[in-house]
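*Asks:* Please work out how this folds:
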Amino acid sequence: MIIADKNDLAEQKLILLCISEEIALPMSKKQFSEIVIKGNLMNYFVMQHLIDSLYEDEYLSKSEDKYFITTKGSDTLSFLSHKIPKGIKKYIVNLTASVRTSVKKELEIKANFTFGLADDFISNLEISENGSPLLSVSFCAGTKKEAKKICDTFTSHADEIYYEIMNTLLKNRD
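*Replies:* Predicted structure coming up:
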């Protein structure tokens with residue numbers, strides 16, 4: 001989709017605000033792109049630029065790498081929501097209902113890695129529920145590839161890993 005004029009640009013921004021408001025959770029650019037591209041609402045590069053613009057203009061706020069709608073963005077959206085075509089609005093409402101669960105899951109499971117002090121990498125893994133940590137652990141990995149694998153495995157199987165760790169720690173060792 002090519003943006004032809006300022007009206008199209010404004011509509012695209014409203015679509016991104018609508019997605020953010022409907023999800024009602026902080027989202028990464030990757031999560032935005034999955035929705036936007038799946039619905040052929042705009043191209044990836046336009047979306048990237050518009051998210052940055054909405055952030056700079058304080059319609060979206062940012063925490064770590066996640067964006068969420070601000071009061072200013074929400075007020076603007078409610079005032080101008082009639083500018084979003086009804087079919088697109090319906091699509092966003094339907095899709096975000098199914099996507100919300102996976103976005104919420106990603107918010108509660110965090111896995112990242114950093115460069116350590118001795119030419120190694122540290123994988124930091126966390127599971128939280130309603131803001132309270134259930135599990136927080138760090139592992140040292142010899143290579144970046146290993147650290148990434150630890151993070152990917154944890155993210156994909158966090159519930160299993162959590163129960164395995166709990167069972168191991170609660171096991172009677174006497």
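
*Asks:* Could you check how far residue 68 is from residue 35?
*Replies:* As judged by C-beta to C-beta, to the nearest Å, residue 68 and residue 35 stand 15 Å apart. Quick note: C-beta positions are derived from backbone N, CA and C, even for glycine.

*Asks:* Same check on residue 58?
*Replies:* Taking C-beta to C-beta, one finds residue 58 at 22 Å from residue 35.

*Asks:* Tell me which of those two has more neighbours.
*Replies:* More crowded of residue 58 and residue 35, by other C-beta atoms under 10 Å: residue 35, with 22 against 11.

*Asks:* I'd guess that one is in a helix, am I close?
*Replies:* Yes: counting by DSSP: H, G, I helix; E, B strand; the rest coil, residue 35 falls inside a helix.

*Asks:* Which pLDDT value goes with it?
*Replies:* Residue 35 is assigned a pLDDT of 87 by the prediction.

*Asks:* was I right about it contacting residue 95?
*Replies:* Yes: with contacts counted by C-beta atoms under 8 Å, residue 35 reaches residue 95, the gap being 5.9 Å.
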